[in-house]
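1. would you be able to build a 3D model of this:
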Amino acid sequence: MPHLNRCLPRFCQIPLASLILIAATMAVTVGCGDAPESGRSVTEAPPSSPVAADPLDENVPLDPEFAPVTTGAEAAAVSSQVEQREFLSRVFGSLYDRVSANGLQQLPEHTRDLYVVQYFRREFELGGLEYYFYNTASDHAFETVDALRAMNAPETADILQQAFDVFPQGRPSREVTKRQDVLDDLTTDQQELLTRLDQQLATLVAHLPSRETDFIHTRGIKFEFRN
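-> Below you'll find the predicted structure:
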């Protein structure tokens, strides 16, 4: 995994609900790890995992994210969301290994779409758009916009594309150091733009795990996980 050492100058400006989601995501990631452990390879079909009532509706309300458990029904819902996050973390670990070994273009089209959306979501949850652009996940920012649209998340794609405006000619470089140079010299107006877009994206990004799961099932994407 890449070492992510970007300071988060506006992290505290992300809404409280997003911070709660970020903390829950990081807790799950610590439990299961981003990359699968070495060992025997086996092929597994994605396990059943609940998705939103209408996974193609980008604004469908979410169930309460990791709410305090007071009833059996609430406990089952929370367990299902944690299970979904664990599964998606294993998927990302598997894809990250493949991309690191062979490059993004070696993945089939739908698998490539899934990978760049997952990478975007994970970076955004850690620190918003500036964090995403400051690290290597956004080497494929243009592909991510297209992949979000393929995943029926057009509003998320449009907001991400608006963030390109902080870069010269509205085109973030594919070279991480060039993007970092731009981000280190953002004007106040550009910083405020990214903060506004972070706030607009927070709820939409919270929908992406269900979209990713649905995309895996509907496209028949399969993975090799290591035990």
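2. the residue nearest to residue 128 when sequence neighbours are not counted: neighbour count?
-> Leaving aside its sequence neighbours, residue 128 sits nearest to residue 198 (C-beta to C-beta, 6 or more residues apart in numbering; 4.2 Å). The way it works is simple: take the backbone N, C-alpha and C, and place the C-beta from them, glycine included. By other C-beta atoms under 10 Å, the residues close to residue 198 number 25.
3. same thing with residue 170?
-> For residue 170, the count of nearby residues is 11 (other C-beta under 10 Å).
4. before we move on, back to that, so how far is residue 117 from the residue nearest to residue 128?
-> Residue 198 sits 17 Å away from residue 117, going by C-beta to C-beta, to the nearest Å.
5. next one: residue 94
-> 15 Å.
6. kindly report the same for residue 90.
-> Distance of residue 90 to residue 117, computed by C-beta to C-beta: 16 Å.
7. cool, residue 183 as well?
-> 22 Å.
8. same question, residue 80
-> As judged by C-beta to C-beta, residue 80 and residue 117 stand 21 Å apart.
9. can you check residue 104 too?
-> Per C-beta to C-beta, residue 104 is found 13 Å from residue 117.
10. so for residue 80 and residue 117, which residue has more residues nearby?
-> Neighbour count, other C-beta under 10 Å: between residue 80 and residue 117, residue 117 has more, with 24 against 14.
11. can you check the pLDDT for the more buried one?
-> On pLDDT, residue 117 comes in at 98.
12. which SSE is it in?
-> Assigned by DSSP states H and E, residue 117 falls within helix 109-134.
13. that helix: which residues count as buried?
-> Buried residues in helix 109-134, counted by 16 or more other C-beta atoms under 10 Å: 110-134.
14. now stretch 153-167
-> Those would be 153, 156, 157, 159, 160, 161, 162, 163, 164, 166, 167, for stretch 153-167 by 16+ other C-beta under 10 Å.
15. average model confidence for the longest helix along the chain?
-> Counting by DSSP state H, the longest helix found in the chain is helix 72-102. Average pLDDT, helix 72-102: 81.
16. what's the answer for stretch 190-201, then?
-> 98.
17. repeat for stretch 161-174
-> Stretch 161-174 comes out at a mean pLDDT of 97.
18. from start to finish, how long is it in a straight line?
-> 15 Å (C-alpha to C-alpha, to the nearest Å).
19. list the contacts of it.
-> Here stretch 161-174 makes contact (C-beta atoms under 8 Å, 6 or more residues apart in numbering) with 129, 133, 138-141, 145, 179, 182-183, 186, 190, 193-194, 197.
20. which residue ranges of this protein form strands?
-> Along the chain, the segments classed as strands by DSSP state E run 41-44, 223-226.
21. mean pLDDT for those strands: which is lowest?
-> strand 41-44 (a mean of 34).
22. can you name the residues in contact with stretch 100-108?
-> By C-beta under 8 Å, 6+ apart, the surrounding residues in contact with stretch 100-108 are 95, 98, 99, 112, 115, 116, 140, 143.
23. of those residues, just say which sits nearest to residue 223.
-> Taking C-beta to C-beta as the measure, residue 223 lies nearest residue 95 of those, at 7.5 Å.
24. please name the nearest non-neighbouring residue to that closest one.
-> Counting by C-beta to C-beta, 6+ apart, residue 115 is the residue found nearest to residue 95 once chain neighbours are left out, at 4.5 Å.
25. how close does the one you found sit to residue 159?
-> For residue 115, the distance to residue 159 - C-beta to C-beta - is 20 Å.
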